[in-house]
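Visitor: from the sequence below, what's the structure:
(2 chains)
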Amino acid sequence: MPLETTLSGQWVSTGLLTGCVLVAGMWGGGRDAYALEKYGRPLPEFEKNDGDKSKQDFDESLIAGYFLAAAFVSNPTFAARPDNTGLVGMRYMAHLETDLYKKYLTAYTDQNFFSDREKGWIILTEWDQTYGMTGTVNHWSWRAQYERDAPLDKSGLIQAYADGLINYRVRSHEDWSWWQKTFPKNILTAYAGLGWLYYNQSYFARPDNTGRALFRYVGHVDLNLYKQTVVFYGDFNMFTDRTASNVVRPSELDWILGIAVRWRDYEVSFYREQDLPLDRGGLIQEYWAVQLRYAFDIQKQAR
Amino acid sequence: MRCLLNNRILTLPACVLFGVVIGCAKVIPSGSEEYPAQKALVGKVKRELIGCAGAPVIDRAGDEQAMMVYYREASQLEESFPGSKSSFAKVHHGCRATILLQQDRVIDVRYESDPSSYQDEDHCEEIFERCVNP
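Guide: Numbering: from 1, shown residues only, chains lettered A, B, ... in the order given. Next comes the predicted model:
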């Protein structure tokens, strides 16, 4: 009973947080939300004549992305294959993206690999592939992606789906003047969104591999603690079960809390993830990890 | 019970960390901030500027005045989150620095975030890092 109460409480509080972010952002979006003009003396007439050119899009990225390696320093239950066997030791990931039309249309792929600490940490046991398109328009962003999670060291269960997702973004220095006044150096950015797994071959709705996912509710928060070099972040992802009596009620919550330290193109982060069922008891998958990430950006032409 | 315990364990250090950092943060009035490179660049000649910041994306010469524009896109570390259930795309953004020169010397440096509402002028400072700390 106490466990049930706790789980319900988590669901309710997570839902409330999502709602607050969405409502507060929409409410505050039009009020006192002006851009700062830092050292903003108007430039002389010269710039006016060249105004159009100086405002053009200068991002000449051909392919950008990052590589990461994460060691699961403590992992009692996070599985190393889609069929929930093994325990993850290492995670490796490559993220690649290219803008097809500015920031409005970007193609991306994620390639995730996991190893099993019970098989010596080295041999890769799972390969998760994601291919998608994403874009941003003002506070809104969207994405459509296909994901396929498959075992690597033996044949077995494959989990695959395709989904669409819409997100709304709130940024403290854009939307909340009170935050900007109170914490001028600490920008908070939050996202909340709703997704639909319109195609689901075999993607489960709970960590114990039961049900089939239908909707997903997502949220993400970044709190810039010091000049984008120290960032505290939180992330949650909920699924609903299309085979349940209530298909909009979350059946799984995956949450992450972490802190990242960045220097140039490198980032070291320490974080905790827990994936737990919400509508019944069952397997909870969780771990602590240390992660190194390296970002790159290949330009179309050398300047 | 285990969930409850985990939440308590996580919440406490998170609150302490948040409090310490926010509490110790220096509060500077909005809108009046001048970044170190903005000050340091004024008075430099064009050759010095190109020597430490590289070639600009726009270099326009005039009779009396000249203008140079630099741009720096934010790192992917800021623009994508690598969640275990696939990555999470964030806003693509960057900073544009417009330098005005008169008789070959910098007289004004202006930073503008792109998109304009996404205030993150620190990326302009990165462009001129070597000009401030050679």
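Visitor: quick one: buried residues of the one helix or strand A:Val218 maps to?
Guide: Applying DSSP states H and E as the criterion places A:Val218 in strand A:213-226. For strand A:213-226, burial by neighbour count (16 or more other Cβ atoms under 10 Å in any protein chain shown) applies to A:213-225. Using the backbone N, CA and C atoms, a C-beta is placed for each residue, glycine as well.
Visitor: remind me which residues of the chain are low pLDDT?
Guide: Because you didn't say which chain, this covers chain A. Applying pLDDT under 70 to chain A picks out residues A:1-57, A:59, A:301-303.
Visitor: the intended chain is chain B.
Guide: Within chain B, the segments meeting pLDDT under 70 span B:1-33, B:134.
Visitor: the strands in it, which residues?
Guide: B:58-61, B:65-73, B:80-83, B:86-89, B:94-102, B:105-114 (DSSP state E).
Visitor: A:Gln274 and A:Leu283 touch, don't they?
Guide: No. The criterion here is Cβ atoms under 8 Å, and A:Gln274 misses it with A:Leu283 at 11.4 Å.
Visitor: show me the contacts for whatever residue of chain B ends up closest to chain A.
Guide: When distances are taken as Cβ to the nearest Cβ, chain B reaches nearest to chain A at B:Tyr71, 3.6 Å away. By Cβ atoms under 8 Å, 6 or more residues apart in numbering or on different chains, the residues touching B:Tyr71 are A:Phe58, A:Asp59, B:Val57, B:Gly94, B:Cys95, B:Arg96, B:Ala97, B:Asp114.
Visitor: kindly recompute the last result at 6 Å.
Guide: The neighbours of B:Tyr71, taking Cβ atoms under 6 Å, 6 or more residues apart in numbering or on different chains as the test, are A:Phe58, B:Val57, B:Gly94, B:Arg96.
Visitor: show me what from the stretch 51-200 of chain A comes close to chain B.
Guide: Selection of the stretch 51-200 of chain A residues close to chain B by Cβ under 6 Å from any Cβ of the partner chain yields A:54, A:58-59, A:64-66, A:68, A:93, A:95, A:103, A:110, A:130, A:134, A:136, A:147, A:173-174, A:180, A:184-185.
Visitor: which of the residues you listed fall in strands?
Guide: A:Ala64, A:Gly65, A:Tyr66, A:Leu68, A:Met93, A:His95, A:Asp110, A:Thr130, A:Thr134, A:Thr136, A:Glu147.
Visitor: ok, the second one touching A:Leu96?
Guide: Yes. With contact taken as Cβ atoms under 6 Å, A:Gly65 and A:Leu96 are classed as touching, separated by 4.1 Å.
Visitor: so what's in contact with these two at the same time?
Guide: Between them, A:Gly65 and A:Leu96 share no contacting residue, judged by Cβ under 6 Å, 6+ apart.
Visitor: okay, helices next: where are they in the stretch 1-150 of chain A?
Guide: With DSSP state H, counting those that start in this stretch as the criterion, the stretch 1-150 of chain A has helices at A:2-28, A:45-49, A:51-54.
Visitor: picking up where we left off before, reformat the contacts of B:Tyr71 as JSON lines; add neighbour count.
Guide: Below are the contacts of B:Tyr71 laid out as JSON lines (neighbours: other Cβ atoms under 10 Å in any protein chain shown):
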{"residue": "A:Phe58", "neighbour count": "18"}
{"residue": "B:Val57", "neighbour count": "17"}
{"residue": "B:Gly94", "neighbour count": "22"}
{"residue": "B:Arg96", "neighbour count": "24"}
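Visitor: distance to A:Val73 added to these, as CSV?
Guide: Below are these laid out as CSV (distance: Cβ to Cβ, whole Å):
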residue, distance to A:Val73
A:Phe58, 41
B:Val57, 43
B:Gly94, 35
B:Arg96, 41
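Visitor: what residues are up against the residue in the stretch 201-303 of chain A positioned nearest to chain B?
Guide: Of all residues in the stretch 201-303 of chain A, A:Ala295 sits closest to chain B, at 4.0 Å by Cβ to the nearest Cβ. Going by Cβ under 6 Å, 6+ apart, A:Ala295 touches A:Tyr66, A:Asp265, B:Ser75, B:Gln76, B:Leu77.
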